[in-house]
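Peer 1: sequence below, structure please.
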Amino acid sequence: MKIYFDTCSLHRPLDDKSQLRVALEAEAILGALALCEAGKQSLVSSELLVLENDRNPQAKRKAFVAGILERASGLVKIDEEIGKRAKELEKRGFKAFDALHVACAEAGKVDYLCTCDDKLLNKARRQTDLRIRTISPLELAEELTE
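Peer 2: Coordinates of the predicted model:
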């Protein structure tokens with residue numbers, strides 16, 4: 001199974017875990033990443049994830065995410081086709097970076113795009129033609145344990 005995590009989900013393990021949802025999502029993401037590390041699942045990265053991470057001014061978060069991205073089994077390079085798909089998604093109301101993440105995940109032929117962003121989740125779930133399934137970290141954990 002191929003998994004693409006957006007930037008907010010890759011940062012979740014470093015977020016303040018005083019809220020139950022954040023703590024549970026952080027553990028779910030760390031568990032999924034451990035499965036990728038063990039070769040039981042595949043982690044797919046993108047040039048967009050690398051770019052977003054390179055722009056992060058917080059050194060601890062930047063280093064944490066860079067370490068994850070380095071272990072990805074695939075890297076999606078942004079090309080004209082991804083750009084066209086992202087523009088199409090933007091016209092449907094996706095934010096620019098969210099649209100690019102969806103387009104990259106589709107181009108990477110992933111099974112799941114994992115995000116903690118409720119707006120992205122809701123927007124993606126209303127689409128009928130996405131070639132990926134967009135899910136929360138807790139839903140991903142359920143899928144990986146079935």
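
Peer 1: and the gap between residue 56 and residue 27?
Peer 2: Residue 56 sits 22 Å away from residue 27, taking CB to CB, to the nearest Å as the criterion. (C-beta placed from N, C-alpha, C; glycine too.)

Peer 1: same question but for residue 106, I mixed them up
Peer 2: 28 Å.

Peer 1: out of those two, which sits in the busier spot?
Peer 2: residue 106 (21 against 16; other CB atoms under 10 Å).

Peer 1: neighbours of the nearest residue to that one once chain neighbours are set aside, how many?
Peer 2: Sequence neighbours aside, residue 131 is the residue nearest to residue 106 in space, at 4.6 Å (criterion: CB to CB, 6 or more residues apart in numbering). The local packing of residue 131 (other CB under 10 Å) involves 12 other residues.

Peer 1: what do you get for residue 110?
Peer 2: 24.

Peer 1: swap in residue 107?
Peer 2: Residues near residue 107, counting by other CB under 10 Å: 20.

Peer 1: just the pLDDT at residue 145, thanks.
Peer 2: The model reports residue 145 with a pLDDT of 86.

Peer 1: can you name the residues that contact it?
Peer 2: The contact partners of residue 145, taken as CB atoms under 8 Å, 6 or more residues apart in numbering, number zero.

Peer 1: how about residue 134?
Peer 2: Counting by CB under 8 Å, 6+ apart, residue 134 touches 102, 112, 113, 114, 115, 120, 121, 124, 125.

Peer 1: measure the nearest residue to it once chain neighbours are set aside to residue 72 for me?
Peer 2: Distances taken as CB to CB, 6+ apart put residue 124 closest to residue 134, at 3.6 Å, once the chain neighbours are dropped. For residue 124, the distance to residue 72 equals 21 Å [CB to CB].

Peer 1: I'd like to know which elements the helix ranked longest in the chain is packed against.
Peer 2: The residue-count maximum for a helix in the chain (DSSP state H) belongs to helix 20-37. Here helix 20-37 touches strand 2-5, helix 7-11, strand 42-46, helix 137-145, going by 3 or more CB pairs under 8 Å, 6 or more residues apart in numbering; DSSP states H and E.

Peer 1: hang on, residue 24 packs against residue 138?
Peer 2: Yes. Assessed by CB atoms under 8 Å, residue 24 is found in contact with residue 138 at 6.1 Å.
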